[in-house]
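J.: dropping the sequence and predicted coords here.
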Amino acid sequence: MGEFYPFFLVIFVAVLFSVIFKRFNVPWVITLIIGGISIGPYGFDVLPESQILDFIAQIGLIFLMFMAGLEVRLSTFKESSKNIFIVAFFNGAIPFVTGLGIGYFLGFNLTQSLLMGIVFISSSIAVLLPSLQTSGLIHTPVGRTVIASTIVEDMTSLLLLSILLRTINPDTILPLPVFILLLIASFALLRWILPKIQWFFSDHKSHKDPFQQELRIIFFILVGTVVIFELIDLHPIIAGFFAGVVLSGSITSPVLKDQLHVISYGVFIPTFFVILGVKTDISVFLTAGPILAITLLFIAGLLLSKIFGGWLGATFAGFSKKQSLYMGYATIPQLSTTLAVAFTTVELGIFEASIIPTMVMLSIVTVFLGPLLTNRLTKDILSIKNG
């Protein structure tokens, strides 16, 4: 059977499950993962293996991190930078120590334990922004601080991840200090040159772009950044995120943003999440075995450390008790970075495939619970703002 059937099956599942589960208000990402589970080897086992499909999923992973990077606005740090870094420090350091400690407690090696700590640092901007927008808190001091501190945490976790993945690569030739300096220099250079490349290739004379040249330019820049960063042993997911951060200030056209959203969330990102579901072995949860206990421990550890870290950091930054608790709740959701790390570390052989269902369940619980808890405090936060 050719390659079209597996791709058709993945797209069909993405469409069908999105329609079905939308009626039950199930998050879109979760429906795609469930759809992937249903057609994978741990479900009905109807999806043939396909290297092309795996490659499309890898592109989807890069686009996922790129779109997360586009949500970053470096101008956000101009105001209240001290409070932002206070919240980010506590809401990153406490979860990191918690994840590291749980890893050691479970008998993980140092690399695996560090990866768990790095995962605990991050929070999902993709889940956080819609919640802040709909609640009306996005332009308040609480909203701006939550967004900016989350950006700091995400960038820190990805920087640490890039260093860790690079140190365990036996083929690397660059000493670690040289790599870090080269990474910082590359980011600074890309921040300067990528907007200029975008401007140079864009057609400034015509407002019409029937052949989507500008979209192609962004795609070219993204793939080029991944290729360049691979030369210094930087994983593609880091390159994708950094490319998004660099271009976040120069992509201002609503039309181009819509086009990027269509191409990423229309094809590539759904394929990644479906394939992630295909590789998720849910049978480990059918018995009260060690995987279930590990999953519950990770979920409890992340929830408690994120809530406490956010609350403590916001309290030191001078926010009220309810505002501080809100910041702890808002940073609970784990999505893009968590699933990207799970997928990547299994591909690299750092973790067994059994870690994927644990990370998927962690994402499911936190994506549901974060918005639910923050919504309960929204009215109180707004009353403080208006009072």
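T.: That came through fine.

J.: quick one: low-confidence residue ranges for the stretch 151-300 of the chain.
T.: 169-176, 179, 202-211, 233, 284-289 (pLDDT under 70).

J.: in the helix or strand harbouring residue 93, what counts as buried?
T.: Taking DSSP states H and E as the definition, one finds residue 93 inside helix 81-105. Neighbour counts over helix 81-105 (16 or more other Cβ atoms under 10 Å) mark 83-96, 98-103 as buried. Where you see a C-beta, it was placed from the backbone N, CA and C, and this is true even at glycine.

J.: could you point out which element follows it?
T.: Following helix 81-105 in sequence, per DSSP H and E, is helix 110-121.

J.: which other helices and strands contact that following helix?
T.: Other helices and strands packing on helix 110-121, by 3 or more Cβ pairs under 8 Å, 6 or more residues apart in numbering; DSSP states H and E, are helix 81-105, helix 141-167, helix 290-316, helix 336-347.

J.: if I look at the one residue sitting closest to the centre of the chain, how far off is residue 231?
T.: Closest to where the C-alpha atoms of the chain average out (Cα atoms, centre = their mean) is residue 336, at 2.3 Å. Distance, residue 336 to residue 231, by Cβ to Cβ, to the nearest Å: 24 Å.

J.: for residue 216, same thing?
T.: Taken as Cβ to Cβ, the span from residue 216 to residue 231 is 23 Å.

J.: burial measure for the spatially closest residue to residue 342 that is not a sequence neighbour, as a count.
T.: Of all residues not flanking residue 342 in the chain, residue 359 sits nearest, at 3.7 Å (Cβ to Cβ, 6 or more residues apart in numbering). Using other Cβ atoms under 10 Å, residue 359 is surrounded by 25 other residues.

J.: likewise for the one 3 residues further on?
T.: Residue 362 has 23 neighbours, counted by other Cβ under 10 Å.

J.: and the helix or strand where it lies, how far out from the chain middle?
T.: Per DSSP H and E: residue 362 is located in helix 355-386. Averaged C-alpha coordinates place helix 355-386 at 16 Å from its chain's average position (Cα atoms, centre = their mean, to the nearest Å).

J.: buried set for it?
T.: 355-368, 370-371, 373-374, 377-378, 381.

J.: turn the helices and strands packed on helix 110-121 into JSON lines, columns for distance to residue 112.
T.: Shown next, in JSON lines, are those (distance: least, Cβ to Cβ, whole Å):
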{"stretch": "helix 81-105", "distance to residue 112": "6"}
{"stretch": "helix 141-167", "distance to residue 112": "10"}
{"stretch": "helix 290-316", "distance to residue 112": "12"}
{"stretch": "helix 336-347", "distance to residue 112": "8"}
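
J.: related to what we said a few turns ago, look up how far residue 383 lies from the residue nearest to the centre of the chain.
T.: 32 Å.

J.: and residue 177, by the same measure?
T.: 51 Å.

J.: now residue 35
T.: Where residue 383 is concerned, residue 35 sits at a distance of 41 Å (Cβ to Cβ).

J.: swap in residue 44?
T.: 51 Å.

J.: and what of residue 330?
T.: On the measure of Cβ to Cβ, residue 330 and residue 383 end up 17 Å apart.

J.: mind listing residues that contact stretch 219-239?
T.: 58, 61-63, 65-66, 158-159, 161-162, 165-166, 169, 171-172, 174, 179, 182-183, 186, 190, 194, 197-198, 201, 240, 242-243, 246-247, 263, 340, 344 (Cβ atoms under 8 Å, 6 or more residues apart in numbering).

J.: buried ones among the residues you listed?
T.: 58, 61-63, 65-66, 158-159, 161-162, 165-166, 179, 183, 186, 190, 194, 197-198, 240, 242-243, 246-247, 263, 340, 344.

J.: higher neighbour count, residue 216 and residue 231?
T.: residue 216 (12 against 9).

J.: what comes up buried for the helix or strand that contains that one?
T.: Using DSSP H and E, residue 216 sits in helix 213-230. By neighbour count on 16+ other Cβ under 10 Å, the buried set for helix 213-230 is 214-215, 217-219, 221-223, 225-226, 229.

J.: and what of stretch 296-305?
T.: In stretch 296-305, residues buried by neighbour count (16+ other Cβ under 10 Å) are 298-299, 301-303, 305.

J.: for the residues you listed, give me TSV that also has distance to residue 326.
T.: Below are those laid out as TSV (distance: Cβ to Cβ, whole Å):
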residue	distance to residue 326
298	24
299	21
301	21
302	18
303	15
305	17
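
J.: ok, so of the residues you listed, who is nearest residue 20?
T.: residue 299 (25.8 Å; Cβ to Cβ).

J.: I figured the closest one hits residue 359, correct?
T.: No. Residue 299 is beyond contact range of residue 359, at 10.5 Å (criterion: Cβ atoms under 8 Å).

J.: from residue 153, how far out is the residue nearest to the centre of the chain?
T.: From residue 336 to residue 153 the distance is 13 Å (Cβ to Cβ).

J.: could you do residue 307 as well?
T.: 14 Å.

J.: more crowded one of these two?
T.: Of the pair residue 307 and residue 153, residue 153 is the one with more neighbours under other Cβ under 10 Å, namely 28 against 22.

J.: mind checking the SS state of residue 2?
T.: At residue 2 the chain is in coil, as set by DSSP: H, G, I helix; E, B strand; the rest coil.
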